[in-house]
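> pasted the sequence and its predicted model underneath.
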Amino acid sequence: MQQSQFRLALRQFLHDRPSVRTLFYTLTEALVVSFWHMRQELWRLALNPNHRFLHVLDAGAGMGQYEHFMSSRFPGWNICALDREASEVAECNRYFLERGKFKVYFKTANLETYREPNCYDLVLAVNVLEYLSDDKLVLTNFFDSLRSGGTLLLAVQSDKALKVEPNFTNKLLGNQGLAHRYNALSLKKALKEIGYTQIRAHYSYGYSGRLSTRLGVRFPKFLLKQSGLWLAFLPFYFVLTYPIILLLNLLDVVFAHWQGSELVVRASKP
């Protein structure tokens with residue numbers, strides 16, 4: 001099954017099943033290592049008393065997993081979510097409106113041309129930048145769209161990845177090949193040249209994160225490729241492995257890594 005076909009099949013399965021979609025969001029939040037790192041950064045922002053009401057841009061929102069998290073935990077945040085797929089945008093808008101989350105709005109956009117000067121307090125871009133040809137232009141657009149004192153949060157594939165392939169999140173999005181891989185020092189330099197300050201970067205998907213991904217994503221996917229009958233076995237498999245996966249994800253967040261498959265970057269606009 002091609003990645004785009006997988007995304008289409010998943011979208012059709014979730015269509016008109018809001019409870020199942022909610023479960024999908026919950027499982028993604030628990031299983032995907034990137035989510036643990038970005039969630040930590042989002043909580044750090046939210047715990048600042050001055051950040052109770054933020055205007056947020058999620059650049060490359062996909063199926064809306066971060067919108068589900070942010071709208072549930074930080075109800076004062078207004079969220080504009082961009083994606084390239086019009087059908088996905090429509091599905092997400094319907095889901096969030098039906099759930100009464102009126103501060104979340106999805107729309108289609110091209111990140112290489114999208115720019116809203118001095119509009120947002122936070123720009124979030126998770127596993128998106130590495131698939132865009134003119135990544136420096138997109139980072140400049142983010143900078144221009146941020147208000148003074150605003151924050152940029154990125155997750156991108158690093159040049160330390162042991163295997164170059166789209167990660168789990170981007171397989172859902174149908175992305176095929178990487179345009180860029182990032183080195184921490186060179187990315188910091190590029191951000192500084194644009195004008196960002198207070199730049200911090202750390203690796204995610206260290207050993208524990210990679211092991212968690214094998215247990216929680218790759219092995220179940222391998223079984224399902226062999227036969228759809230394995231689907232009936234997976235609930236029992238996750239009952240056994242779920243605590244281990246959660247522990248491994250926690251360890252990936254708690255401990256620093258000298259290298260990892262992804263870089264998590266935080267920067268500010270002065």
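Cool, got the structure.

> quick one, strands of the stretch 51-200 of the chain?
For the stretch 51-200 of the chain, the strands defined by DSSP state E, counting those that start in this stretch occupy 55-59, 78-83, 104-108, 120-126, 146-157, 197-204.

> same question for the fourth one, mean pLDDT?
When you say that, I think you mean strand 120-126. Mean per-residue pLDDT for strand 120-126: 97.

> on that earlier part again, between the strands of the stretch 51-200 of the chain, which one is closest to residue 211.
Residue 211 sits nearest to strand 197-204 of all these, at 13.3 Å, using CB to CB. To be clear about C-beta, it is placed using only N, CA and C from the backbone, and glycine gets the same treatment.

> need the strands of the stretch 51-200 of the chain in JSON lines with mean neighbour count, can you?
Output for these, formatted as JSON lines (neighbours: other CB atoms under 10 Å):
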{"stretch": "strand 55-59", "mean neighbour count": "24"}
{"stretch": "strand 78-83", "mean neighbour count": "22"}
{"stretch": "strand 104-108", "mean neighbour count": "19"}
{"stretch": "strand 120-126", "mean neighbour count": "24"}
{"stretch": "strand 146-157", "mean neighbour count": "21"}
{"stretch": "strand 197-204", "mean neighbour count": "16"}
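
> how about the ones you listed in JSON lines, adding distance to residue 224?
JSON lines is the format used below for the strands of the stretch 51-200 of the chain (distance: least, CB to CB, whole Å):
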{"stretch": "strand 55-59", "distance to residue 224": "29"}
{"stretch": "strand 78-83", "distance to residue 224": "26"}
{"stretch": "strand 104-108", "distance to residue 224": "29"}
{"stretch": "strand 120-126", "distance to residue 224": "25"}
{"stretch": "strand 146-157", "distance to residue 224": "24"}
{"stretch": "strand 197-204", "distance to residue 224": "26"}
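
> so which of the ones you listed is nearest residue 181?
strand 146-157 (5.5 Å).

> residues contacting residue 135?
129, 179, 180 (CB atoms under 8 Å, 6 or more residues apart in numbering).

> and the second one, how close does it get to residue 123?
The reference is to residue 179. 19 Å (CB to CB, to the nearest Å).

> ok, residue 104 touching residue 95?
No: with contact defined as CB atoms under 8 Å, residue 104 does not count as touching residue 95 (9.4 Å).

> shared neighbours, these two?
Listed as contacting both residue 104 and residue 95 by CB under 8 Å, 6+ apart are residue 64.

> how about the secondary structure of residue 231?
Using DSSP: H, G, I helix; E, B strand; the rest coil, the structure places residue 231 in helix.

> distance check, it against residue 126.
From residue 231 to residue 126 the distance is 28 Å (CB to CB).

> the bottom helix or strand of the chain by mean pLDDT?
helix 168-173 (a mean of 45; mean pLDDT, DSSP states H and E).

> which one's the longest helix in this protein?
helix 234-254 (DSSP state H).

> same for that helix, what does it pack against?
Helix 234-254 sits against helix 18-31, helix 33-46, helix 207-213, helix 219-226, with contacts defined as 3 or more CB pairs under 8 Å, 6 or more residues apart in numbering; DSSP states H and E.
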